[in-house]
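Colleague: Sequence and predicted structure below; questions after.
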Amino acid sequence: MNTQALIFDVDGTLAETEEAHRQAFNQTFAEFGLGWVWDQNLYGKLLKVSGGKERIKAYVLDQHPEMLVPGLDLRIATLHQRKTALYTAAVATGDVPLRPGIARLVAEARAAGLRLAIATTTTRANVLALMQGTGLSPEWFETMACSDDAPIKKPDPQAYLLVLERLKLPPEACLAIEDSANGIRAARAAGLDVVMIPSAYTAGDKADGARSVWADLAPVSLTHLLG
Ligand SMILES: [Mg+2]
């Protein structure tokens, strides 16, 4: 079946956003006087947990079990809200560029009449801020399944299944673009073919299940991508 739609992951795929996320987490922890610092090594490990709130909780369970008290989830939600505000402010002003080839591929896909969508475990606010800062128009993407409406995080396929439902397309008519093993698993579980472009933090991820793997999309034409 011909490919009719491209479905993009956001973090690590559209842009190398994880350093901006990490810095926003650390700034939040400092503002709340927690004394936590996530260095790149630790953050690389924490990225195995999808979702910001889930990531904070995994860190607390592992490093600060004394904080496992009633109300922890609410505390984490407050931290995450502040982290999101800091992150969106940073990326909306263009702190994080698109990865090589993304802007050109999106333009080629639009010119070819392909439908575009987003399937991500990040919040819609984060996605819109990144688009604002990088010149991608939200209107180019027919639907966006974000953590707000698809709360079960990758590798669960919920975000992809929601996109397919909204596009009214079978998985065989779509191609997913992902940077991580969790993302590949989510897309494959929804029945999709996946192209992987590993990011800085997912360079060591297994590409099992991916149809092809590229360092980035700079040398990949739309025809090449779909072929
Ligand atoms: Mg990703």
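Modeller: Perfect, I can see it now.

Colleague: residues making contact with the longest helix anywhere in the chain?
Modeller: When the chain is parsed with DSSP state H, its longest helix is helix 72-92. Identification of contacts with helix 72-92 by CB atoms under 8 Å, 6 or more residues apart in numbering yields 15, 17, 20-21, 23-25, 27-29, 31-32, 52-53, 56-57, 60, 67, 96, 123, 125-126, 128-130, 132-133. (C-beta placed from N, C-alpha, C; glycine too.)

Colleague: Stretch 31-48 now?
Modeller: Against stretch 31-48 from outside (CB under 8 Å, 6+ apart): 18, 22, 25-26, 29, 55, 58-59, 63-64, 79, 82, 180, 182, 201-202.

Colleague: and the residues you listed near the ion, which?
Modeller: Filtering the contacts of stretch 31-48 for proximity to the ion by CB under 5 Å from the ion leaves Ser180.

Colleague: Select only the buried ones of the contacts of stretch 31-48 in ChimeraX?
Modeller: With 16 or more other CB atoms under 10 Å as the burial test, the buried ones among those are selected in ChimeraX as follows:
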select :18,22,25,26,29,55,59,79,82,180,182,201,202
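
Colleague: Looking at the contacts of stretch 31-48, which are in helices?
Modeller: Among these, the residues falling in helices (DSSP H) are Glu18, Arg22, Phe25, Asn26, Phe29, Arg55, Ala58, Tyr59, Gln63, Leu79, Arg82, Asn182.

Colleague: Which two of the residues you listed have the greatest separation?
Modeller: Arg82 and Asn182 (25.1 Å; CB to CB).

Colleague: which stretches of the chain form helices?
Modeller: 18-31, 40-46, 52-63, 72-92, 102-111, 124-134, 158-167, 181-189, 222-226.

Colleague: Any buried residues in the last one, and which?
Modeller: Of the residues in helix 222-226, those scored as buried under the neighbour-count criterion (16+ other CB under 10 Å) are Leu222, Leu225, Leu226.

Colleague: mind putting the ones in helices among the contacts of stretch 31-48 in TSV, pLDDT included?
Modeller: Output for these, formatted as TSV (pLDDT from 0 to 100):
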residue	pLDDT
Glu18	93
Arg22	97
Phe25	98
Asn26	98
Phe29	97
Arg55	94
Ala58	95
Tyr59	97
Gln63	94
Leu79	97
Arg82	97
Asn182	93
